[in-house]
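Take this sequence and fold it.
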Amino acid sequence: MARWLLSVTLMTLCLTMTRADEMADLARFQGTWGVARAVRGGAEAPDAVRDALRVTVTGRSLTIRSADNVPTVIQAEIWLDPSRTPAQIEFRTTGNAKQRVLYGIYRTEGDTIRLCWTTDGGPRPDEFSAPAGSKAVCFELKKMQ
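Below you'll find the model as predicted:
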């Protein structure tokens, strides 16, 4: 009985620590971000497109817009797992678009977030690159003042 209770206590402690780590990283995501770099399938986004992109995170809600007067590019709930290396993110799309889950990775460094994910439900990337022919998208985000 004592071993069982110890096992349950340790599992609860681990889950609580993981949840606290996720909440800490989620707090770093909050706000509006400009896109310093955007690559999709090996192609860099043109400056005009990249400069117009905005990523806004409020709670778990993430919105990517290409301009204020243009429809949303992605609307999703985000779920983070900082216990993995590299840290993992899931975008669970919401809104009018077909509901899907996009798998990605992320890294936070000061006022910079690096994101890389695959479109169309492809496998999670294992590095921060979007080579030609891949379905990967990578963003480098800078916090807007």
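
Report the contact partners of the residue sitting nearest the centre point of the chain.
Nearest to the mean C-alpha position of the chain, counting by C-alpha atoms, centre = their mean, stands I89 at 4.7 Å. Neighbour list for I89: I78, W79, L80, D81, Y103, G104, I105, Y106, L115, W117 [criterion: C-beta atoms under 8 Å, 6 or more residues apart in numbering]. C-beta coordinates here come from the backbone N, C-alpha and C atoms, glycine included.

secondary structure element for it?
According to DSSP states H and E, I89 maps onto strand 87-93.

so how far is that strand off the chain centroid?
Centroid separation for strand 87-93 versus its chain: 5 Å, with C-alpha atoms, centre = their mean, to the nearest Å.

following that strand, which helix or strand comes up?
Tracing the chain past strand 87-93, the next element assigned as helix or strand by DSSP H and E is strand 101-109.

now for that next one, which elements pack on it?
Applying 3 or more C-beta pairs under 8 Å, 6 or more residues apart in numbering; DSSP states H and E, one finds that strand 101-109 contacts helix 2-29, strand 87-93, strand 112-118.

Flag every buried residue along it.
Using 16 or more other C-beta atoms under 10 Å as the test for burial, strand 101-109 gives L102, G104, I105, Y106, T108.

Can you add pLDDT and give those back as TSV?
TSV is the format used below for the buried residues of strand 101-109 (pLDDT from 0 to 100):
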residue	pLDDT
L102	93
G104	97
I105	98
Y106	98
T108	95
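
where among the helices and strands packed on strand 101-109 is the average confidence lowest?
Ranked by mean pLDDT, the helices and strands packed on strand 101-109 bottom out at helix 2-29, which scores a mean of 62.

Just checking: what are the partner strands of the next helix or strand after that helix?
Beyond helix 2-29 on the C-terminal side, the first helix or strand identified by DSSP H and E is strand 31-40. Take DSSP bridges as the rule and strand 31-40 pairs in its sheet with strand 43-44 (antiparallel), strand 54-58 (antiparallel), strand 136-143 (antiparallel).
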